[in-house]
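1. fold the following and give me the result.
(4 chains)
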Protein chains: 2
Amino acid sequence: MSAAAGAERAEGLVEGRSVARRGRPRSEEVRARIFQATIELLEERGFKELTIEAIAERAGASKVTLYRWWPGKAALATDAFLGVAGPLAPFGHTDSALVDLREQMVSQMRVLAGRWGKIIAGLIAESVFDPEVREAMRTRWLEPRRAEGRKVVERALVDGELRAGTDPEVVLDALYAPLYWRLLLGHAPLHAAFARQVWSAALLGIATDAARARLERPAKAKR
Amino acid sequence: MSAAAGAERAEGLVEGRSVARRGRPRSEEVRARIFQATIELLEERGFKELTIEAIAERAGASKVTLYRWWPGKAALATDAFLGVAGPLAPFGHTDSALVDLREQMVSQMRVLAGRWGKIIAGLIAESVFDPEVREAMRTRWLEPRRAEGRKVVERALVDGELRAGTDPEVVLDALYAPLYWRLLLGHAPLHAAFARQVWSAALLGIATDAARARLERPAKAKR
DNA sequence: ATTCCGAAACGGTACGTTTCGTATTCGATG
DNA sequence: CATCGAATACGAAACGTACCGTTTCGGAAT
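-> This next block holds a predicted model:
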């Protein structure tokens, strides 16, 4: 709710039609300057060192204006980031849903390794502490991407590329968690090759045929 | 360095032998009370709401004493947690290294779902912001566990349970990242079953035999 | 009349530091 | 063995700083 702030006062939406409100309208220019300053400071200092006062100063705005539209720096930062971070890494539509998944993983990896990576890591980390950030990141960042991914996984199931009974949620966690994990921890590089390795491991499995045969029937049945 | 603080002043270590220093020795009782208070407050309020002043008050200690031994709340919290979080989830040693991995994943999942889960999540999140916390968590929490896991993975390779050429680092990320991912995001429950599903997916693969055959030779070669 | 923006000031919290008095140990001296 | 001084630790109090989130006021735009 507060995460989607930055509107709904000078201009109300009633049944889709914009209703002109009385009084001075909100300055879109100030709003833009605030977002600009927020993104800049987010890149320069990171979320932890970000302060409302610094944003106000750089944006040439008043603290009061910031607090009028956002409850705090967490909501403002998520709003600013989610505003500029639109599609970013869409899915393709080749013959194979599995290949589409792989290519999107590679794209996603490039996003995480690039300019937005630090900001994304900071917001995800902050979401551990702040329920509003968690909600915003979940509904506006992760879930939209998961929804797309879920569709692709389900297509793979329908097409017989994935084993029947496979849980799409588990698939999505298994594929994407390692990418974010390396982003957050920074214990290993964020190469595109890593995304492909994870994809390959999850899809084909890493066990040998011998081990696979043994594991699929844990009992010592010969056949 | 500061993470392993809390010693090395009143009692120096010279070539392994403890050398008596002059002056009043450090009070182990105060140290214990500080750790106790830190853990309590960490569980009650979480890392974000933790303050040095609250710790000092509950421990009946002086702020000066805290700042003498730790540079800030991050170092103190990691020290306190890592002090009590010892082995926690060891590996077994059955015939199959893969089974050992699975069982340890289930144990680890129980740890994450339990009393320490919130604290661990907070410290990992903080590690995104604070390089010292990252270093401490990496070298004292993750890496020891990874080292154990790496040995088990290598045993699986030697035993022919894993395909030759499999990168142990990728395996560890693929297996454990999803568990921590759910801990951090909280978008899905932390059931033991999930750990088994991830294990199973990574080991056996989730692709159907038909898709597997196609993916293993991307060219349209018939044979 | 209503709503917005900016400037300034405010009380509050926690930070990290300094100062001071006191307590506890060691080493040296007698 | 007893005592003294140096060194180190602990606690209490106070301090300046940074940023928080809020209030008040004056002016601007519909």
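2. hey, let's count contacts and neighbours off CA atoms from now on
-> OK.
3. check which residues of stretch A:191-211 are buried.
-> Under the neighbour-count criterion of 16 or more other Cα atoms under 10 Å in any protein chain shown, stretch A:191-211 has A:192, A:194-208, A:211 buried.
4. make that stretch A:144-157, sorry
-> Across stretch A:144-157, burial judged by 16+ other Cα under 10 Å covers A:145-146, A:149-150, A:152-157.
5. the residue of chain A found nearest DNA strand C: what secondary structure?
-> Residue of chain A nearest DNA strand C, by Cα to the nearest atom of the strand: residue A:23 (2.8 Å). Here residue A:23 is coil, with the state taken from DSSP: H, G, I helix; E, B strand; the rest coil.
6. give me the pLDDT value at it.
-> Confidence at residue A:23, expressed as pLDDT, is 89.
7. check the one 10 residues further on too.
-> According to the predicted model, the pLDDT of residue A:33 comes to 98.
8. residue A:7 now?
-> pLDDT for residue A:7: 48.
9. residue A:181 too?
-> Here the pLDDT value assigned to residue A:181 is 98.
10. where's it, which helix or strand?
-> Residue A:181 belongs to helix A:168-185 when assigned by DSSP states H and E.
11. cool, residue A:66 as well?
-> Using DSSP H and E, residue A:66 maps to helix A:63-69.
12. and the helices in chain A?
-> Along chain A, counting by DSSP state H, helices occupy A:28-45, A:52-59, A:63-69, A:73-84, A:97-113, A:117-129, A:131-137, A:143-158, A:168-185, A:192-204, A:209-216.
13. give me the contacts around the fifth one.
-> Meaning helix A:97-113. Applying Cα atoms under 8 Å, 6 or more residues apart in numbering or on different chains, the contact partners of helix A:97-113 are A:88-94, A:117-118, A:120, A:149, A:152-153, A:155-156, A:161, A:175-176, A:179-180, A:183, A:190-193, A:195-196, A:199.
14. show me the contacts for residue A:47.
-> Counting by Cα under 8 Å, 6+ apart, residue A:47 touches A:77, A:119, A:122-123, B:129.
15. that one and residue A:215, how far apart?
-> 46 Å (Cα to Cα, to the nearest Å).
16. and for residue A:83?
-> From residue A:83 across to residue A:215, the span is 47 Å (Cα to Cα).
17. looking at the two, which is more packed in?
-> Set side by side, residue A:83 and residue A:215 show more neighbours around residue A:215, with 17 against 12, by other Cα atoms under 10 Å in any protein chain shown.
18. quick one: pLDDT of that one?
-> On pLDDT, residue A:215 comes in at 89.
19. now swap in residue A:60 and tell me
-> 98.
20. swap in residue A:88?
-> At residue A:88, the model reports a pLDDT of 71.
21. what's the burial count for it?
-> Neighbours of residue A:88 under the rule other Cα under 10 Å: 10.
22. what's the answer for the one 10 residues further on, then?
-> When neighbours are counted by other Cα under 10 Å, residue A:98 registers 23.
23. over to residue A:44?
-> For residue A:44, using other Cα under 10 Å, the count is 13.
24. equivalent analysis for the one 4 residues further on, please.
-> Residue A:48: 16 surrounding residues under other Cα under 10 Å.
25. low-confidence regions, chain A specifically.
-> Under the criterion pLDDT under 70, the flagged ranges of chain A are A:1-19, A:218-223.
26. around DNA strand D, pick out the residues from it.
-> A:22-25, A:50-54, A:63-64, A:67, A:71-73 (Cα under 7 Å from any atom of the strand).
27. those residues: which two are farthest apart?
-> Greatest spatial distance in those: A:22 and A:50, 34.3 Å, computed using Cα to Cα.
28. those two - which one has more neighbours?
-> residue A:50 (18 against 8).
29. in chain A, what residue comes closest to chain B?
-> Ranked by Cα to the nearest Cα, the top residue of chain A for proximity to chain B is residue A:205, at 3.5 Å.
30. I'd say that residue and residue B:198 touch.
-> No. With contact defined as Cα atoms under 8 Å, residue A:205 does not count as touching residue B:198 (10.9 Å).
31. DNA strand C next: which of the buried residues of stretch A:191-211 are close?
-> Restricting those to those touching DNA strand C (Cα under 7 Å from any atom of the strand) yields no residues.
32. residue A:24 - how many residues pack around it?
-> Neighbourhood size, residue A:24 [other Cα under 10 Å]: 7.
33. residues in contact with stretch A:137-153?
-> Contacts for stretch A:137-153 (Cα under 8 Å, 6+ apart): A:78, A:82, A:91, A:97-98, A:100-101, A:123-124, A:127, A:168-169, A:171-172, B:187.
34. for it, C-alpha coordinates in PDB please.
-> Once non-C-alpha atoms are left out, stretch A:137-153 reads as follows in PDB (Å, rounded to 0.1, in the frame of the first residue of the first chain):
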ATOM      1  CA  MET A 137       9.500  -6.700  -3.500                       C
ATOM      2  CA  ARG A 138       7.400  -9.800  -3.400                       C
ATOM      3  CA  THR A 139       4.400  -8.500  -5.200                       C
ATOM      4  CA  ARG A 140       6.100  -6.100  -7.600                       C
ATOM      5  CA  TRP A 141       9.400  -7.700  -8.300                       C
ATOM      6  CA  LEU A 142       9.500 -11.400  -7.600                       C
ATOM      7  CA  GLU A 143       6.000 -12.400  -8.100                       C
ATOM      8  CA  PRO A 144       5.600 -10.900 -11.500                       C
ATOM      9  CA  ARG A 145       8.700 -12.700 -12.600                       C
ATOM     10  CA  ARG A 146       7.700 -15.900 -10.900                       C
ATOM     11  CA  ALA A 147       4.300 -15.700 -12.600                       C
ATOM     12  CA  GLU A 148       6.000 -15.600 -16.000                       C
ATOM     13  CA  GLY A 149       8.300 -18.300 -15.000                       C
ATOM     14  CA  ARG A 150       5.500 -20.400 -13.700                       C
ATOM     15  CA  LYS A 151       3.700 -20.200 -17.100                       C
ATOM     16  CA  VAL A 152       6.800 -21.400 -18.800                       C
ATOM     17  CA  VAL A 153       7.300 -24.200 -16.400                       C
END
